[in-house]
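**Student:** Here is a sequence with its predicted model. Questions after.
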Amino acid sequence: MSTTDAFTTVAGELKSAYGTRTPIEPPRKTIPGLDVAGAYRIQRVQEEAFIAEGHKVTGRKIGLTSLAMQQQLGVDSPDFGFFLDTMMYPAGASIPVDTFISPKVEPELGFQLGADLHPGASIDDVAAAVKHTFLAVEIIDSRVRDWDITLVDTIADNASCGAIILSTDPVAINPNDLPSVTASMSLNNQEVGKGTGAAVMGHPLAPIAWLATILGEQGVSLQKGDIILSGSFCAAAPVIAGQSLSVDYGELGSLSVSFV
């Protein structure tokens, strides 16, 4: 099997797993020597297939933005994936756990762009381009069996993106205050994680500047209207049916959903 055929085969297996909820073997084991560029090619094949089916890519998620997560996977940079219109939930939703394989939740902030962003964008450029800021949670999920992932596995698997949850209304905050935003995440009223915006590469807008450049190298741009989740404030926590999730963002308010 040629490398291109192997990429297409693995991409098809990962895409199918969204519906079957049957995880696959780690791509690194199916394609020995798989590198980051190849992993993003596998991800891109899936994105193009979803678009061909009529789905809309509404935004991007950035992962591995904290030092702890980078050290866990032995990497020194973030990664990214995409999310579709069908992968978005509003605050207050009841979310069926059986639509995922092994879901975990991460508290984040989401940013909607009011202008295009180009490679080389600075944090100031990103701040100027952001139209709305939302409270957000990412549901991460792995189509790779048992979360047995390295960097190339999670990239191939759309950066382990399962779904995103956004506050109904945007919040008002000065971009300079983003590093000091706090988030306390609780499941059934028990705190399971907490952190600040500074845990997200020092500033929650810094990963978006990184993403603008990385996507630009692939011939893809961040465009007006895109929603971007820039990274978790703390480690992810697994969720099961029957749990309620609440994230307290201090003065910015809170976001809650239930899992059924």
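**Tutor:** Perfect, thanks for sending it.
**Student:** where are the low-confidence patches of the chain?
**Tutor:** 1, 68 (pLDDT under 70).
**Student:** in it, which spans are helices?
**Tutor:** With DSSP state H as the definition, the chain shows helices at residue ranges 3-20, 27-30, 36-52, 67-73, 123-129, 151-156, 206-217.
**Student:** most packed of those helices?
**Tutor:** Most buried of those by mean neighbour count (mean count of other CB atoms under 10 Å) is helix 151-156; its value is a mean of 26. Where C-beta positions appear, they are placed from N, C-alpha and C, glycine not excepted.
**Student:** Quickly note the distance from the nearest residue to Ala129 once chain neighbours are set aside to Arg60.
**Tutor:** Nearest non-adjacent residue to Ala129, counting by CB to CB, 6 or more residues apart in numbering: Ala115, 4.4 Å away. Taking CB to CB, to the nearest Å as the measure, Ala115 falls 16 Å from Arg60.
**Student:** tell me the contacts of His55?
**Tutor:** 84-86 (CB atoms under 8 Å, 6 or more residues apart in numbering).
**Student:** at 10 Å what do you get?
**Tutor:** Residues counted as contacts of His55 (CB atoms under 10 Å, 6 or more residues apart in numbering) are 47, 49, 82, 84-87.
**Student:** cool, and Met69?
**Tutor:** Counting by CB under 10 Å, 6+ apart, Met69 touches 63, 75, 78-79, 106, 199, 231-232, 234-236.
**Student:** I'd like to know which of these is nearest to Tyr40.
**Tutor:** Asp79 (8.7 Å; CB to CB).
**Student:** Now do the contacts for the residue nearest to the spatial centre of the chain.
**Tutor:** The residue lying closest to the centre of the chain (CA atoms, centre = their mean) is Lys61, at 3.3 Å. Counting by CB under 10 Å, 6+ apart, Lys61 makes contact with 79-83, 87, 106, 108, 110, 136, 138, 140, 158-164, 207, 211, 227-232.
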